[in-house]
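Trainee: dropping a prediction and its sequence here:
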Amino acid sequence: MFNYFKKKYIKTIYLAGGCFWCTEAIFQRIKGVVKVIPGYIDGIVKNPSYKDVCTGKTGHTEAIEISYDEKKIKLEDILEIFFSTHDPTTLNRQGNDFGTQYRSGIYYTEVKQKEVANLIITKLEKEKLFQNPIVTEVKQAKPFFVAEEHINYYNQNKRQPYCSVTIDPKLNKLKTNFKNYIASENE
């Protein structure tokens, strides 16, 4: 049977930019992204629950696993969207969400991804696009644990207050600043 994800040009990277409901909703809409899964990464507990991670004691951060087709979207573009849709200068916080589980991070699966991430961060700091230093950690990916109960959260809960107050503005920013990267409903 044909397995799309075994193709050499399908790559995986993990991104943490605050609540994974936000990052999942953003990257589900990007051309060339073939899969987005919310979960937990970079912790010390195996198979943590959402409740466990929310204590801040597992070491995990909320993140998304992104599988992308590098023939359709470059990692540089993914990271540009990532840095533009969350605040990479606040340590362990995104808006009203705070704690180590909301830290900003890039967790690479290939050395080339690490190099690209560090180059992008250096470029952003030289351009002084942010008032404060970027605190996004760049680390090799550790085991990722899927947050089954949170998959596709925004699309199933658009009317929830958190979605309309926190996620909708990020999606509006995405539509304004990255309209050429947004996939059509058929893609």
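Mentor: Okay, I see it. Numbers count the residues shown, from 1 in each chain.

Trainee: pull up the gap between residue 115 and residue 75, please.
Mentor: 10 Å (CB to CB, to the nearest Å). Every C-beta, even on glycine, is put in place using the N, C-alpha and C of the backbone.

Trainee: pull out the buried positions in stretch 150-161.
Mentor: By neighbour count on 16 or more other CB atoms under 10 Å, the buried set for stretch 150-161 is 150, 153, 154.

Trainee: so for that stretch, what's the average pLDDT?
Mentor: Per-residue pLDDT over stretch 150-161 has a mean of 95.

Trainee: from the buried residues of stretch 150-161, which land in helices?
Mentor: Mapping the buried residues of stretch 150-161 onto helices (DSSP state H) picks out 153, 154.

Trainee: JSON lines for the buried residues of stretch 150-161, including distance to residue 96?
Mentor: Shown next, in JSON lines, are those (distance: CB to CB, whole Å):
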{"residue": "150", "distance to residue 96": "18"}
{"residue": "153", "distance to residue 96": "17"}
{"residue": "154", "distance to residue 96": "17"}
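
Trainee: list just the nearest of the buried residues of stretch 150-161 to residue 26.
Mentor: Of all those, residue 154 has the smallest distance to residue 26: 9.1 Å, by CB to CB.

Trainee: for the closest one, which non-adjacent residue is spatially closest?
Mentor: residue 25 (3.7 Å; CB to CB, 6 or more residues apart in numbering).

Trainee: which element follows the host helix or strand of residue 25 toward the C-terminus?
Mentor: Using DSSP states H and E, residue 25 maps to helix 20-27. Sequence-wise, the next helix or strand downstream of helix 20-27 (DSSP H and E) is strand 33-41.

Trainee: which stretches in this protein count as strands?
Mentor: Taking DSSP state E, the strands of the chain run over residues 10-17, 33-41, 61-69, 93-94, 97-98, 104-108, 137-140, 145-146.

Trainee: quick one: closest of those strands to residue 184.
Mentor: strand 33-41 (13.3 Å).

Trainee: and that closest one, what does it pack against?
Mentor: strand 10-17, helix 20-27, strand 61-69, strand 145-146 (3 or more CB pairs under 8 Å, 6 or more residues apart in numbering; DSSP states H and E).

Trainee: cutoff 10 Å now
Mentor: strand 10-17, helix 20-27, helix 50-54, strand 61-69, strand 145-146 (3 or more CB pairs under 10 Å, 6 or more residues apart in numbering; DSSP states H and E).

Trainee: starting at the chain centroid, how far to the lengthiest helix in the chain?
Mentor: Longest helix in the chain by number of residues (criterion: DSSP H): helix 111-127. Taking CA atoms, centre = their mean, to the nearest Å, one finds helix 111-127 lying 16 Å from the centre of the chain it belongs to.

Trainee: can you list contacts of that helix?
Mentor: 11-15, 74-76, 78-80, 82-84, 88-89, 105-108, 110, 129-130, 133-141 (CB atoms under 10 Å, 6 or more residues apart in numbering).
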